[in-house]
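# Could you work out the structure for the sequence below:
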Amino acid sequence: MTKSKNKDIDYSDIPETDANFWKDAEIHAPKKKKTLTIRIDPEVLAWFQGQGKGYQTKINSILKTYMEAQREAS
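Below you'll find the predicted structure:
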């Protein structure tokens, strides 16, 4: 699978937005993440680090998905 470049994206079917579209828009800044120390098996850490840049964000995303699934199951 090849990645598309922004210049290759067809935007022709997207309607223009006007002031009315944005009148109720709100800005939501991302929550600041907490720093912590966590014990993880070496092979788990090595696998995530092997995924490249952003491995901590991936760990967080997986934990968040698990948390949300547990909330829905409750």
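# who touches the biggest helix by length in the chain?
When the chain is parsed with DSSP state H, its longest helix is helix 55-73. The list of residues contacting helix 55-73 from outside it, by CB atoms under 8 Å, 6 or more residues apart in numbering, reads 33, 48-49, 51. Heads up, the C-betas are built off the backbone N, CA and C, glycines and all.
# now with 6 Å?
Helix 55-73 is contacted from outside by 48-49, using CB atoms under 6 Å, 6 or more residues apart in numbering.
# what's the answer for stretch 36-50, then?
55, 59.
# Can you give the distance from that stretch to the centre of its chain?
Distance of stretch 36-50 from the chain centroid (CA atoms, centre = their mean, to the nearest Å) equals 20 Å.
# Check stretch 28-41 too.
For stretch 28-41, the distance to the chain centre is 14 Å (CA atoms, centre = their mean).
# circling back: CA atoms only for the longest helix of the chain - export them in CSV, please.
C-alpha atoms of helix 55-73 as CSV (Å, rounded to 0.1, in the frame of the first residue of the first chain):
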residue,chain,number,x,y,z
TYR,A,55,6.2,3.9,21.1
GLN,A,56,5.1,5.5,24.3
THR,A,57,2.1,7.1,22.6
LYS,A,58,1.2,3.6,21.2
ILE,A,59,1.4,2.1,24.7
ASN,A,60,-0.9,4.9,26.0
SER,A,61,-3.3,4.3,23.1
ILE,A,62,-3.5,0.6,23.7
LEU,A,63,-4.1,1.1,27.5
LYS,A,64,-6.8,3.7,26.7
THR,A,65,-8.6,1.4,24.3
TYR,A,66,-8.5,-1.4,26.9
MET,A,67,-9.8,1.0,29.6
GLU,A,68,-12.7,2.1,27.3
ALA,A,69,-13.6,-1.5,26.5
GLN,A,70,-13.7,-2.4,30.2
ARG,A,71,-15.9,0.6,30.9
GLU,A,72,-18.3,-0.5,28.2
ALA,A,73,-18.3,-4.1,29.6
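# Tell me the secondary structure of residue 14, please.
coil (DSSP: H, G, I helix; E, B strand; the rest coil).
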